[in-house]
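starting from these lines, generate the structure:
(chains A and B)
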Amino acid sequence: MPREIPKAYEPQEIEERWAKSWFDEKLFRAENSGDGPVFSIALPPPNITGTIHIGHMLEHTQIDMLVRWHRMRGHRTLWLPGMDHAGIATQFVVERQLAKEKIRRQDLGREEFERRVWHWRTERGGAIKDQMIRLGASCDWTRERFTLEPSLYRAVIEAFLRLYREGLIYRGRYIVNWCPRCQTAISDLEVVHVERPGKLWHLRYPVVGSNEFLVVATTRPETMLGDTAVAVHPDDERYQRFVGKHVMLPLMEREIPVIADAYVDREFGTGVVKITPAHDPNDFEVGRRHDLPEIDVMTNDAHMSAAAGKYAGLDRFEARARVVSDLEALGLLECIEDISHAVGVCDRCKSEVEPRISTQWFMKMKPLAEPAKEAVRGGLIEVVPDNQRTILLNWLDNIRDWCISRQLWWGHRIPIWHCDDCKEMVPATDSRVELFEGHARAAGIPAKCPKCGGAKLTQDTDVLDTWFSSSLWPFSTLGWPDDTRDLRVYYPTSLLISGYDILFFWDVRMIMMGLHLTGGATAKERIPFKRLYLHSLVRTSEGAKMSKTKGTGVDPLQLTQQYGTDALRYMLASMAAPGTDIILSDDRIVGARNFANKIWNAARFLFVNLEKVEAAGLTMEELAAPEIRAQAPYPVTGEGALAHRWIFSRLAAVTAQVNDALENFRFHEACQTLYHFFWDDFCDWYIEWVKPQLAGADREVALAAWRNIFAALDNALRLLHPVMPFLTEELWHKLPQPAGAHSIALDKFPEPSPHWADASSDDSMARLQEIVGAARNIRAEMKLDPKRKVAADFWTTGPMLKNLVTENMDPLLRSAALSELRISPVHLDPAGAAIRSTSAFDLRIAYGDTVDKAAEIARLNKEIERLAKDIESKQKRLADDNFTGKAPGKIVDDLRATMMERQIEHKKLRDRLDQLS
RNA sequence: GGGCGACUAGCUCAGUGGUUAGAGCGCUCCCCUCACACGGGAGAGGUCCAAGGUUCAAGUCCUUGGUCGCCCA
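Got it, this is the predicted structure:
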């Protein structure tokens, strides 16, 4: 193996191999027996129509990091995956496909159409699952669920029936958002408001029995055909005398009343508004208050209906133009104003939504919102970042009823039957489902109408909003409404990670449904998740949402192909600071790729060099067997001793930091900590420091050094595994592992071993790094040939530091490319030399005549000035009794100590400057 | 109109009241040293949007304003 290890990390083959192996071996299957802490999380189910995009990748990376971390810490970990049937989206995909054959779904009929969708689902749906497997998501695929499968269908019916019986689901004729393209009602949340230029038309309505007009202003003149009143504010003196009179609705020649209602904004337009109860939510309210007729002047596809008289059959926008020109011809168009206003469009298809009166199913939300508010406010559910908690509570405060019916064929059909004779609504007898052509449908069909005894019952044709089934996801996937073992073990789930864009659509609704429907005795047992982490969205460099249709989306699989999955994961995680959106940049992923390569090469170095020690009779087993690694660090004599103690001390600190970061969703901090540990500490210092020991002149030293370095590498790999699963898996397998060990993913996450912590090593190493830094700085400034080793002089007053230097002479000389480092008994002579100082030591390298004296003077001056300023400000603060009296003692002491150090440095530099000039 | 957020190095971003505010990339200089040029070493670069305030101490907390986003109505 060592001989074949490639020079650059080549992720492609490695990733595919491990992805397949993890899946085939069912490595991530959760056991619902046993003891110990449980960590469970449900995958936000992607749409079956979807393919993976960078947002999924971000979400899955974050989930997977936490899942792998918990699993490695021995928690009973379940990540439950699944797909959403995605009502509208899926129906559209299939309809579009049919359209190519010039077939409409109506031509096929409902049953045949559903058959086609199922067929599509089998053939084409769920591509995202394969992509997730390929990208290493450590889900328990044996528990995969689909929102339309029988057990979840049953959960939906059960939930519906309970809510219906409790009166929380009702049917009624109200104003809804109608999408004329999707030909279905949609919920308020599915309407997005876009600011668009528009016009405000001022129309004259003749007052009956006079020559006067009332002028109304409207952005939608075509709806005037359905006007059933005009309204003014009750206190508006301009119009009081008209209240109770009638105006003649132009074009329709219909007399409609002038009413007074406080809803009217006196400042808007003329202060008179037309009232169209069937086509405007506010007018609808006014209409109900005043008992006005509701005239729907449109059809399902937003053409004018028979109720629109001679305009029937026209598209709504054609009708608008015709209405305006007809009014103008009659002299009833007062003026046209250009304005900008918010237009509601369908979230999915972007066509203009038509507010329209319609018979639909609704869910009462206020009673459900109250417990949810309590759970969040009381901290039963922790929301991160915290500001999202405010947003969530705010929304719950203003919640409105949810229109849950959709005029689609793909979805959970509403389990209500209508009596053909008396129109009584009869719910399914129970939530049982039966299989029809292999797919679930309601089985509890009522036999006869309980009211009139009629035997002809027809099931409601509507289906439920996709989000209805989604809102049951955390418990329906675990077997609810049955009392299953999974449900008892894994519910409430530990955590939900979702994008903040679906907070209202999904997260909040799950909280409400979980609290209301599940069986726990207390709210704490009924919440669907204990913590809610809202992750950021990935945006384009312009800050816009990624969009496939606009071509601004980034294909994660392509990036993966180019840079490796681990690199992409690392990049996303390293940018995933809570609360701010992510703007992708090529640089970052290149950096992440380089990091992966660095890890690869550090391991490569070890394995390649192992040959040399194998030649000396040491075996891999002796050096790196698991039981050997477990006892690290091994004491090393000689000059590398410090570095060994130090790297394990670093490991202890890094482990604690990573644990803390992951506990708090601070993925970017975990990444940064790991990056610096691996690259700077492990590679740049530790490996470099101990290289000669590894070469094996002294067998005992080599043995211990190798054991330590392999143990450290093994620890590092396990620390890195959650974010870079493939690379670490591959390298882990190159180390000896216990018989039967399958994967690093099932190995232990490092413990933050307190006995590894070693403050004195940390301190000593930092000092030595300063000395090396000083020497390198002189070399670079003097433009010394890097290959040329030079002698240096060293002066310090501290005996400790003197010993430290002596004890670590060899690695010091190598790191700084020095031929020798002479410890001087006296102050160093600045003549003919460059000196670098800290308060603790001076380092001198002699030069010929190569040095730019003026540059050195400039450098000194700049440094002196900076120090002087700093010292002055510190002196000032220390002289202030207010500060010394009130600030904590440690702060004052530290400040004083620092100031004294600065003063020493300052004096040294001043002296040198004097001698130079 | 209501709410939430952002503004820190050329760029993308960290920064949890307390030393001289950090990282990656980019830039400058040197080095293809036998793990890695996807590398090593050394540097330059910041009145932390503005003005007030709280505090012994503010990039960090508060107020107001500016610019730019997002959500809701």
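
okay, now A:K886: neighbour count?
When neighbours are counted by other C-beta atoms under 10 Å, A:K886 registers 10. C-beta: built from backbone N, CA, C; applies to glycine.

for it, give its distance to A:D880.
A:K886 sits at a distance of 10 Å from A:D880 (criterion: C-beta to C-beta, to the nearest Å).

how about the nearest residue to A:P44 once chain neighbours are set aside, phi and psi?
Nearest residue to A:P44 in three dimensions, chain neighbours excluded: A:S498, at 5.1 Å (C-beta to C-beta, 6 or more residues apart in numbering). Backbone torsions of A:S498, given as degrees, to the nearest 10, read phi -140, psi 170.

how about the contacts made by A:S498?
Counting by C-beta atoms under 8 Å, 6 or more residues apart in numbering, A:S498 touches A:P44, A:E59, A:W506, A:D507, A:L532, A:Y533, A:L534, A:H535.

that one and A:G55: what is the separation?
For A:S498, the distance to A:G55 equals 11 Å [C-beta to C-beta].

cool, and A:N394?
Using C-beta to C-beta, one gets 24 Å for the distance from A:N394 to A:G55.

looking at these two, which is more packed in?
Comparing A:N394 with A:G55 by other C-beta under 10 Å, the one with more neighbours is A:G55, at 22 against 10.

would you confirm that that one contacts A:R539?
No: using C-beta atoms under 8 Å, A:G55 makes no contact with A:R539, being 9.8 Å away.

could you list the low-confidence segments of chain A?
The model of chain A has pLDDT under 70 over residues A:1-4, A:540-553, A:848-852.

spatially central residue in it, please.
Nearest to the geometric centre of chain A sits A:H535, at 2.7 Å (C-alpha atoms, centre = their mean).

distance check, that one against A:E328.
54 Å.

same deal with A:E627?
For A:E627 relative to A:E328 (C-beta to C-beta), the value is 93 Å.

cool, and A:D660?
71 Å.

tell me the domain ranges of chain A?
The record's domain split for chain A, according to automatic domain parsing, is A:11-156+A:469-575, A:184-356, A:582-738, A:758-849, A:852-917.

so can I have a markdown table of the ones you listed showing distance to A:I399?
What follows is the domains of chain A, written out as a markdown table (distance: least, C-beta to C-beta, whole Å):
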| stretch | distance to A:I399 |
| --- | --- |
| domain A:11-156+A:469-575 | 8 |
| domain A:184-356 | 10 |
| domain A:582-738 | 27 |
| domain A:758-849 | 54 |
| domain A:852-917 | 47 |
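
and the residue of the stretch 201-350 of chain A nearest RNA strand B?
Using C-beta to the nearest atom of the strand, the closest approach of the stretch 201-350 of chain A to RNA strand B is made by A:A342 at 4.4 Å.

what secondary structure does that residue sit in?
Secondary structure, DSSP: H, G, I helix; E, B strand; the rest coil: A:A342 is strand.

so after the host helix or strand of A:A440, what's the next helix or strand?
For A:A440, the host element (DSSP states H and E) is strand A:439-442. Per DSSP H and E, the first helix or strand lying C-terminal to strand A:439-442 is strand A:457-459.

and the contacts of that following strand?
If you take C-beta under 8 Å, 6+ apart as the criterion, strand A:457-459 is touched by A:413-420, A:426, A:442, A:445-446, A:448-449.

could those go into JSON lines alongside neighbour count and distance to A:S764?
Shown next, in JSON lines, are the contacts of strand A:457-459 (neighbours: other C-beta atoms under 10 Å; distance: C-beta to C-beta, whole Å):
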{"residue": "A:R413", "neighbour count": "20", "distance to A:S764": "73"}
{"residue": "A:I414", "neighbour count": "27", "distance to A:S764": "73"}
{"residue": "A:P415", "neighbour count": "28", "distance to A:S764": "73"}
{"residue": "A:I416", "neighbour count": "21", "distance to A:S764": "77"}
{"residue": "A:W417", "neighbour count": "24", "distance to A:S764": "81"}
{"residue": "A:H418", "neighbour count": "18", "distance to A:S764": "83"}
{"residue": "A:C419", "neighbour count": "21", "distance to A:S764": "88"}
{"residue": "A:D420", "neighbour count": "14", "distance to A:S764": "90"}
{"residue": "A:V426", "neighbour count": "20", "distance to A:S764": "82"}
{"residue": "A:A442", "neighbour count": "27", "distance to A:S764": "74"}
{"residue": "A:I445", "neighbour count": "15", "distance to A:S764": "80"}
{"residue": "A:P446", "neighbour count": "18", "distance to A:S764": "82"}
{"residue": "A:K448", "neighbour count": "14", "distance to A:S764": "89"}
{"residue": "A:C449", "neighbour count": "21", "distance to A:S764": "88"}
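
can you put these in CSV and add distance to A:H193?
Formatted as CSV, the contacts of strand A:457-459 follow (distance: C-beta to C-beta, whole Å):
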residue, distance to A:H193
A:R413, 31
A:I414, 29
A:P415, 34
A:I416, 33
A:W417, 38
A:H418, 35
A:C419, 41
A:D420, 41
A:V426, 39
A:A442, 37
A:I445, 42
A:P446, 42
A:K448, 47
A:C449, 43
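
and RNA strand B, which of those contact it?
Among the contacts of strand A:457-459, proximity to RNA strand B is found for none (C-beta under 7 Å from any atom of the strand).

which one of those is nearest A:P11?
The nearest member of the contacts of strand A:457-459 to A:P11, counting by C-beta to C-beta, is A:R413 at 46.3 Å.

for whatever residue of the stretch 151-300 of chain A ends up closest to RNA strand B, grab phi and psi.
Going by C-beta to the nearest atom of the strand, RNA strand B is nearest to A:D188 of the stretch 151-300 of chain A, at 4.8 Å. Backbone torsions for A:D188, taken as degrees, to the nearest 10, come to phi -50, psi -40.

that one contacts A:N177, doesn't it?
Yes: here A:D188 reaches A:N177: they are 6.6 Å apart, a contact under C-beta under 8 Å.

overlap in contacts of the two?
A:C403.

show me which residues of the stretch 51-200 of chain A are close to RNA strand B?
Counting by C-beta under 7 Å from any atom of the strand, the positions of the stretch 51-200 of chain A adjacent to RNA strand B are A:D188, A:L189, A:V191, A:V192, A:H193.
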